[in-house]
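K.L.:
Starting from these lines, generate the structure:
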Amino acid sequence: MTSASPSSATKRKVARLAAWSIAVAFAVLGLKLFAWWITGSVALYSDALESIVNVATAIAALWAIKISHMPADRDHQHGHHKAEYFAAVLEGVMIIVAALLIMSQVLEAFGNPRTMERPWEGLVVNGLAAGLNAIWAFVLIRQGRSAKSPALEADGHHLMTDVLTSVGVISGLVLSVLTGWTLLDPLLAGLVAINILVQGWKIMGESLNGLMDKAVSTEEHIRIRDIISAHSKGAIEVHDLKTRIAGRATFIEFHLIVDGDMAVRESHVICDRIEEALRAEIPSVRITIHVEPDDEAKLPPGTSAVPFA
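P.N.:
Predicted coordinates:
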């Protein structure tokens, strides 16, 4: 037996957030490019370059989310949930590329340091961009977790990294302007590059785990076991519980042992009860239950309750 699918309201919300991410990314990019243009700062250039990556990955995320929401078909009978992981991997790759581009500018700036023009105006503009990014990052992380959308959550974490980067850059450049230490500008840009390089690697690692059918956490596994056990009245045993995560979907599979003489209808009632309980607690869950007779049990006869083997 198997079950069921995410609500259309959740699908629309995720797609709408992904579309708005593109608009926000363009707005932030425009502000940061303007800040770089009026100051000539290499550090602000590095901050703007990361925002170009934000635009590209926001577009990729929207594409992946739309693909992942497509219903199962003949060629993809379990759905298209993993499409979001590809967008998250792409985001990681592009972040790493951005870091390498920034490093090339850093090396050039170290050889030819220069004083910023109109620094205070540029820092104010960059601060506005950072504030907009912070608000949107918070929205994406919270809504991405709620909707179990790896692409949205990855985008939110990337934006939050961008915010922290911007705060560090602005703070350092204020110090540079006040002290006249022009080498602080390329030094800060180098630190930005290292930071986003680490974040890109982290995002790629998390996404590759999803593509490799990573199981749920130990805490979630125990919760699933407890739900099944609490709603398995009439069964003898449960064993071989397996889980995997694919985007928003959580796949659960296990063997349910019943009396060999039990009617199919009775075992079906038990399965329905377990499925309803799991669906009430776990969004976008897919459940497969293998019903087996008591001679397939793994625990000694007469064991009380519904133990797991």
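
K.L.:
need the contact list for residue 282.
P.N.:
224, 250, 252 (CB atoms under 8 Å, 6 or more residues apart in numbering). Every residue, glycine included, has its C-beta placed from N, CA and C.

K.L.:
tell me the secondary structure for the last one?
P.N.:
Put simply, residue 252 is strand when judged by DSSP: H, G, I helix; E, B strand; the rest coil.

K.L.:
picking that back up, so which one among the contacts of residue 282 has the lowest pLDDT?
P.N.:
Among the contacts of residue 282, residue 250 carries the weakest pLDDT, at 87.

K.L.:
Quick one: the strands in the protein, in order.
P.N.:
Using DSSP state E, the strands of the chain run over residues 237-246, 249-258, 285-293.

K.L.:
Looking at the ones you listed, which one is packed in the most?
P.N.:
strand 249-258 (a mean of 21; mean count of other CB atoms under 10 Å).

K.L.:
That one versus strand 285-293: what angle between them?
P.N.:
Here strand 249-258 runs at an angle of 20 degrees relative to strand 285-293 (axes from the mean of the first three to the mean of the last three CA atoms, to 10 degrees).

K.L.:
Show me what strand 249-258 is packed up against.
P.N.:
Counting contacts by 3 or more CB pairs under 8 Å, 6 or more residues apart in numbering; DSSP states H and E, strand 249-258 is packed against strand 237-246, helix 264-281, strand 285-293.

K.L.:
out of everything not next to it in sequence, what's closest to residue 192?
P.N.:
Excluding the flanking residues, the one nearest residue 192 by CB to CB, 6 or more residues apart in numbering is residue 46, at 4.5 Å.

K.L.:
The nearest residue to residue 97 once chain neighbours are set aside - how many residues pack around it?
P.N.:
Counting by CB to CB, 6+ apart, residue 97 lies nearest to residue 53, which is 7.7 Å off, once chain neighbours are set aside. Neighbour count for residue 53, taken as other CB atoms under 10 Å: 24.

K.L.:
For residue 136, see how far away residue 53 is.
P.N.:
Distance of residue 53 to residue 136, given as CB to CB, to the nearest Å: 15 Å.

K.L.:
what's the closest of the contacts of residue 282 to residue 35?
P.N.:
Taking CB to CB as the measure, residue 35 lies nearest residue 250 of the contacts of residue 282, at 42.8 Å.

K.L.:
how close does the nearest residue to the closest one once chain neighbours are set aside get to residue 46?
P.N.:
Leaving aside its chain neighbours, residue 250 sits nearest to residue 285 (5.0 Å; criterion: CB to CB, 6+ apart). According to CB to CB, residue 285 stands 43 Å off from residue 46.

K.L.:
same thing with residue 222?
P.N.:
44 Å.

K.L.:
Comparing these two, which residue is more hemmed in?
P.N.:
Higher neighbour count among residue 222 and residue 46: residue 46, with 31 against 11, using other CB under 10 Å.

K.L.:
between the helices and strands packed on strand 249-258, which gets nearest to residue 186?
P.N.:
Closest among the helices and strands packed on strand 249-258, using CB to CB: strand 237-246, at 41.8 Å.

K.L.:
which residues sit in contact with the residue nearest to residue 192?
P.N.:
Residue 46 neighbours (CB under 8 Å, 6+ apart): 102, 105-106, 169, 188-189, 192-193.

K.L.:
Which pair of the residues you listed spans the longest distance?
P.N.:
105 and 169 (13.5 Å).

K.L.:
Tell me, please, where in the stretch 151-300 of the chain the pLDDT is lower than the cut-off.
P.N.:
Scanning the stretch 151-300 of the chain for pLDDT under 70 picks out the ranges 151, 206-207, 209-212, 247-248, 300.

K.L.:
Isn't residue 24 up against residue 129?
P.N.:
No: the pair residue 24 / residue 129 is not scored as a contact, 10.2 Å apart, by CB atoms under 8 Å.

K.L.:
And those two? Which one has more around it.
P.N.:
Taking neighbours as other CB under 10 Å, residue 24 and residue 129 compare with residue 129 leading, 25 against 21.

K.L.:
Appreciated, that's everything.
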